[in-house]
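Engineer: Any chance you can model this:
(one chain, ligands or ions: 1)
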Amino acid sequence: MDDVRIRPMTADDAPRAERVTAVGFHELDTRMFRRSWPDPEIRPPERGAHWVARCRHLVGTDPGGCWVAERGDELLGIVVSFVREKMWLLASYAVVPEAQGLGLGKALLAPALEHGRGSLRGMFNASSDPKALRRYHDAGFTLHPQMFLRGTADRSRIPVVEKVREGSASDIDLMDSVDRQTRGAAHGPDHQLLLGQYPLVVSETSSAQGYAYLDRGTVLLAATDRRTAARLLWEAIASSDDVLIGHITAENAWAVDVGMEARLELHQEGYLALRHMRPPCPYLANGALM
Ligand SMILES: CC(C)(COP(=O)(O)OP(=O)(O)OC[C@H]1O[C@@H](n2cnc3c(N)ncnc32)[C@H](O)[C@@H]1OP(=O)(O)O)[C@@H](O)C(=O)NCCC(=O)NCCS
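Structural biologist: Numbers count the residues shown, from 1 in each chain. The predicted structure follows:
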């Protein structure tokens with residue numbers, strides 16, 4: 001790999017970087033998928049728009065956290081990382097299948113970790129790829145298995161959800177405060193991006209607050225107590241016929257309780273990688289923005 005150059009990512013790299021992840025994760029899914037599940041399909045380019053927008057957003061806020069591995073004009077690997085209030089986070093990390101296992105991943109992760117040098121705490125979602133897990137363990141992260149719920153809810157079991165309202169940009173301070181309590185760092189600028197991509201619901205009472213971004217269930221949920229979190233999760237389940245709720249650590253058993261009551265299927269996949277912190281709770285992380 002002598003002819004490969006590691007250089008900072010630019011916003012113009014985002015569409016090609018998206019393809020590197022589409023190909024990398026398709027190969028991973030093909031290698032690891034369960035027999036009873038439908039064959040994995042590669043993410044079509046037109047479904048990569050959210051990925052590209054998120055990548056450009058993070059290159060903008062954290063240029064020092066985003067890197068590519070390039071040979072000639074071909075991208076072989078990418079890493080997208082960022083720092084929020086002294087927490088280092090990894091949004092995306094992939095090498096094209098034919099170049100995996102040759103040390104490129106290690107060379108890419110090094111400058112991304114360096115970007116987080118001033119941040120003691122770290123958090124991200126890890127795939128089940130044994131090569132990725134070796135890299136993360138090497139970098140000092142502990143790996144916490146995660147579950148997910150999916151299926152069609154039994155609507156007769158969904159309770160009347162009260163004290164939940166539509167959210168907006170005026171809730172960013174509330175959400176940042178909830179995030180500091182649950183995961184020790186606010187999402188800050190990431191809320192503007194999330195607000196443009198997903199509907200937001202908020203629950204606010206005299207004693208507790210919480211919020212959730214919705215898409216086939218939740219794409220991010222945080223609350224100051226389990227009762228508020230459960231209320232938001234019921235709202236998410238009620239909003240979709242085909243539910244997917246991911247990133248559930250054992251600490252978030254309240255979410256498993258809700259999913260079982262709704263008669264969803266429970267499965268296990270991937271890890272929450274953490275450094276110098278405990279699994280956030282009540283909290284269901286976003287796949288990339290955490
Ligand atoms: C994860 C990924 C980015 C790592 O990049 P890479 O170039 O393959 O990584 P490297 O070659 O630098 O390191 C791989 C490590 O796994 C080891 N390894 C290689 N094959 C392995 C296998 N089958 N099982 C376990 N370990 C393996 C290598 O020896 C190396 O460890 P070492 O440096 O301690 O010797 C890449 O494999 C990938 O894109 N995977 C699919 C997508 C993915 O899972 N991304 C991570 C998202 S969280």
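Engineer: So for stretch 128-140, what gets flagged as buried?
Structural biologist: S128, D129, A132, L133, R135, Y136, A139 (16 or more other C-beta atoms under 10 Å). Yep, even glycine has a C-beta here, placed from its N, CA and C like the rest.
Engineer: of all these, which comes closest to R278?
Structural biologist: Y136 (17.1 Å; C-beta to C-beta).
Engineer: Could you report the separation of the residue nearest to that closest one when sequence neighbours are not counted from A285?
Structural biologist: Spatial nearest neighbour of Y136, chain neighbours left out: A273 (4.9 Å); criterion: C-beta to C-beta, 6 or more residues apart in numbering. For A273, the distance to A285 equals 11 Å [C-beta to C-beta, to the nearest Å].
Engineer: and these two? which has more neighbours close in?
Structural biologist: Counted by other C-beta atoms under 10 Å, A273 and A285 do not tie: A285 has more neighbours, with 26 against 22.
Engineer: need the contact list for that one.
Structural biologist: M123, N125, L220, H247, L272 (C-beta atoms under 8 Å, 6 or more residues apart in numbering).
Engineer: on that earlier part again, tell me which of the buried residues of stretch 128-140 is nearest to E98?
Structural biologist: Using C-beta to C-beta, these come closest to E98 at D129, 15.2 Å.
Engineer: residues touching the closest one, list them.
Structural biologist: L28, M32.
Engineer: does the residue nearest to Y136 sit in a helix, a strand or a coil?
Structural biologist: At A273 the chain is in strand, as set by DSSP: H, G, I helix; E, B strand; the rest coil.
Engineer: Where is the longest helix in this protein?
Structural biologist: helix 14-32 (DSSP state H).
Engineer: Against which helices or strands is it packed?
Structural biologist: helix 49-61, strand 74-84, strand 87-95 (3 or more C-beta pairs under 8 Å, 6 or more residues apart in numbering; DSSP states H and E).
Engineer: who does the second one pair up with?
Structural biologist: Okay, so that is strand 74-84. Looking at strand 74-84 with DSSP bridges, its partner strands are strand 66-71 (antiparallel), strand 87-95 (antiparallel).
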